[in-house]
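Enquirer: When you get a sec, could you give me coordinates for this:
(2 chains)
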Amino acid sequence: MTDRFVVFVNGARVDLAAPAAALDAVRAWDANAAAAVAQGSRVLTDSRGLALPPDAPLYAGAILRVVPARDRGNDDDADLLH
Amino acid sequence: MRAFLQSGLALFTLIWAGAAAAQAADPVGFVRLRIIATNDFHGALDPVPEPGGAPSGGADAMAATIARAAGDCRPPNCATLLVDAGDLFQGSAASNLAYGAPVVALYNRLGYAAAAVGNHEFDWGIDTLRARMREARFGILAANVRTASGRMPSWVRDDTILDRGGLRVGIIGVIGPETYHSIMAARVRGLRFDDPAPIIDSLARSLRVRGVDAVIVLAHSGAFCDAGGETGCHGDIIDLAKRLTEPVTAIISGHTHTLVDTRLSGVPILQARSSGRAVGILDLAIAPTAARDSVLSQAVVVAAARGDPPAAADSIVRAADARVATRARRPVARLARALVRAGDQYPLGNLIADAQRWAGRADVAVVNNGGIRQGLPAGRVTWGALFAVQPFANALRRLTVPGRALRAYLATTVAAHGAPRSHVSGVTLAFDRGGPHGAARLASARLAGGAELRDDARYAIVLSEYMATSADGRILAQAATADETLERDDLDALVSYLSSRRQPVTAPNDTRITIAEP
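Expert: Below you'll find the predicted structure:
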């Protein structure tokens, strides 16, 4: 019998088979979001906003958030102002 | 002594003299309980701008003011109790990017005893709220939150009893049902906020049976009063207080970000603005008799004044700021003029609506005024300042809808309640008073080129996720033939739009919504 456990992705409850990594949880929640994480346009954090690698092992009750990778990109725009 | 002082340490000291006099006047043997109260901190680790003015409030000022209030109340004859009436979270990059964790750390360090849950505590979902509740060394109370079946969720606490200086103080926390629809629907799915009045009555009775000396209600439900906060008060917390049948000692309110310093049937109701800009102080003298009668010796709301905040609290703020500093300080644009939120239509709102329409390459965009949280200063604007304007990280949805459905949406959402509640882009709306009982009725909706919106055409509209999942938004979304979520959220749209404009940016001040009076 497979052990199953529950985590939360952006507030949604996700049921997973153990063992599972962070990206598995995102994939189970929203395949498009998982693709965005894999591609780097979105990143993962824990419930305190601390960065979480996609291959981080999960535990029951883990809280993940998928957020835009805001540190990338816009610096060129800022340079125009100086 | 009741007064509110706008700012300044000298004036603060003046009111403190009144507080000290009240202390000296306590009858011999009485124990004084000083309740120090805040509300609507909104993650304001740093000072926030007053409308069109200098920064004020923030964690340092609030912590220093709390420390002064507590320092004036020393054992054995005086005990303090620090409480908050909700909306600890939501507002600044330093707090939001850590989902409120620095605020809980700050409140733990300051020694808060209890808080009510506010509507913005739900902004990151129940999972994250529960994580913050687990970290908090104080109760975050929500006595009237229920599941759809009417049960109290297992993670909710309704009241707490605290011992202070030999006194037992019962605290009840509730959230105003009127705040429910200000929360994105998905965040509170499966929950409801029940009428708090009978619940407070029941808990107050129970607390008295359990032997408390005082019952304090923390209510995330607010009021509006005249400038001094004392007279002309109206609003949900006033209505709620009038319906209570059990005696309570005091009510600490929140949500409306106003100054409230009033009495209702002798019960003080205090509310100390928002963002750490003020602190409420309430002194009770409790008799050393079996009856334990309490006498209110003072209740004031004082402006928070900067001073020496407790070092440990200061270090939490500095660490949270440092974590986002690179991003928050990044310059994005220059503004030709300061942009303030004044009235129901203002250039900042037009600018944000334009940014969202631009981001979605849409015909129309509608932005709710409640989602515009701060103004902006003239000159250089940083990412952090823009974050404070649009802190919700709302996804943007692009809906393609029939003109008939769009017209119905604009008619009901924008001004149906008598005054514009939104800003629009790509369309100019003219309302008259031809609706039932003189209500605003949409007379014309002209698109950017001047043509009237056609019922049989299709249009693209950009809405935030919050608006798209509201009651009106869901009706519009059901009529959509295409519904996509944009790559950029609301803040990203504003940042990209501003940085792509010719500098300095001038916000559009054209009138886009008119309501003709008969």
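Enquirer: And the strands in chain A?
Expert: Remark: strands assigned in chain A by DSSP state E are A:4-9, A:12-17, A:42-45, A:51-52, A:63-68.
Enquirer: wait, does the last one contact chain B?
Expert: Yes - counting by C-beta under 8 Å from any C-beta of the partner chain, contacts between strand A:63-68 and chain B involve A:63, A:65, A:67, A:68. For glycine as for every other residue, the C-beta is placed from the backbone atoms N, C-alpha and C.
Enquirer: if we can go back for a sec, would you reformat the strands of chain A as JSON lines and include mean pLDDT?
Expert: Output for the strands of chain A, formatted as JSON lines (pLDDT from 0 to 100):
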{"stretch": "strand A:4-9", "mean pLDDT": "95"}
{"stretch": "strand A:12-17", "mean pLDDT": "94"}
{"stretch": "strand A:42-45", "mean pLDDT": "94"}
{"stretch": "strand A:51-52", "mean pLDDT": "93"}
{"stretch": "strand A:63-68", "mean pLDDT": "92"}
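Enquirer: got JSON lines for the ones you listed, with distance to residue B:159 and mean neighbour count too?
Expert: JSON lines is the format used below for those (distance: least, C-beta to C-beta, whole Å; neighbours: other C-beta atoms under 10 Å in any protein chain shown):
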{"stretch": "strand A:4-9", "distance to residue B:159": "27", "mean neighbour count": "18"}
{"stretch": "strand A:12-17", "distance to residue B:159": "28", "mean neighbour count": "15"}
{"stretch": "strand A:42-45", "distance to residue B:159": "34", "mean neighbour count": "20"}
{"stretch": "strand A:51-52", "distance to residue B:159": "36", "mean neighbour count": "15"}
{"stretch": "strand A:63-68", "distance to residue B:159": "27", "mean neighbour count": "20"}
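Enquirer: wait, residue B:294 sits on residue B:212?
Expert: No - using C-beta atoms under 8 Å, residue B:294 makes no contact with residue B:212, being 10.6 Å away.
Enquirer: of these two, who's got more company?
Expert: Neighbour count, other C-beta atoms under 10 Å in any protein chain shown: between residue B:294 and residue B:212, residue B:212 has more, with 22 against 19.
Enquirer: how far away is the residue of chain A found nearest chain B from residue B:189?
Expert: Per C-beta to the nearest C-beta, residue A:11 is where chain A lies closest to chain B, at 2.6 Å. Relative to residue B:189, residue A:11 is positioned 9 Å away (C-beta to C-beta, to the nearest Å).
Enquirer: Residue B:326 now?
Expert: 36 Å.
Enquirer: contact partners of the lengthiest helix in chain B?
Expert: As assigned by DSSP state H, the longest helix anywhere in chain B is helix B:311-328. Residues outside helix B:311-328 that contact it (C-beta atoms under 8 Å, 6 or more residues apart in numbering or on different chains): A:70-71, B:45-46, B:59-60, B:63, B:93-95, B:97-98, B:102, B:105-106, B:109-110, B:382-384, B:387.
Enquirer: Just the ones in helices from these, please.
Expert: Judged by DSSP H, helices contain the following of those: B:59-60, B:63, B:93-95, B:102, B:105-106, B:109-110, B:383-384, B:387.
Enquirer: Return the residues in contact with whatever residue of chain B ends up closest to chain A.
Expert: Closest to chain A within chain B is residue B:125: 2.6 Å, counting by C-beta to the nearest C-beta. Neighbour list for residue B:125: A:8, A:10, A:11, A:12, B:187 [criterion: C-beta under 8 Å, 6+ apart].
Enquirer: I'd like the distance between the residue nearest to the spatial centre of chain A and residue A:26.
Expert: Residue closest to the average C-alpha location in chain A (C-alpha atoms, centre = their mean): residue A:44, at 3.2 Å. Residue A:44 is 7 Å from residue A:26, where distance means C-beta to C-beta.
Enquirer: residues shared between the contacts of the two?
Expert: Taking C-beta under 8 Å, 6+ apart as the contact rule, residue A:44 and residue A:26 both touch A:37, A:54, A:64, A:66.
Enquirer: For the third one, give me its contacts.
Expert: Spelled out, that is residue A:64. By C-beta under 8 Å, 6+ apart, residue A:64 lies in contact with A:7, A:8, A:9, A:10, A:22, A:25, A:26, A:44, A:45, A:46, A:52, A:58.
Enquirer: For it, which non-adjacent residue is spatially closest?
Expert: Leaving aside its sequence neighbours, residue A:64 sits nearest to residue A:9 (C-beta to C-beta, 6 or more residues apart in numbering or on different chains; 4.8 Å).
Enquirer: ok, and the closest non-adjacent residue to residue B:272?
Expert: Distances taken as C-beta to C-beta, 6+ apart place residue B:278 nearest to residue B:272, at 3.8 Å, with adjacent residues excluded.
Enquirer: and the one you found, bridged to which residues?
Expert: residue B:303 (DSSP bridges).
Enquirer: ok, it touching residue B:300?
Expert: No - using C-beta under 8 Å, residue B:278 is not in contact with residue B:300; the gap is 9.9 Å.
Enquirer: For these two, indicate the residue with more neighbours.
Expert: A direct count of neighbours by other C-beta under 10 Å for residue B:278 and residue B:300 places residue B:278 higher, at 30 against 26.
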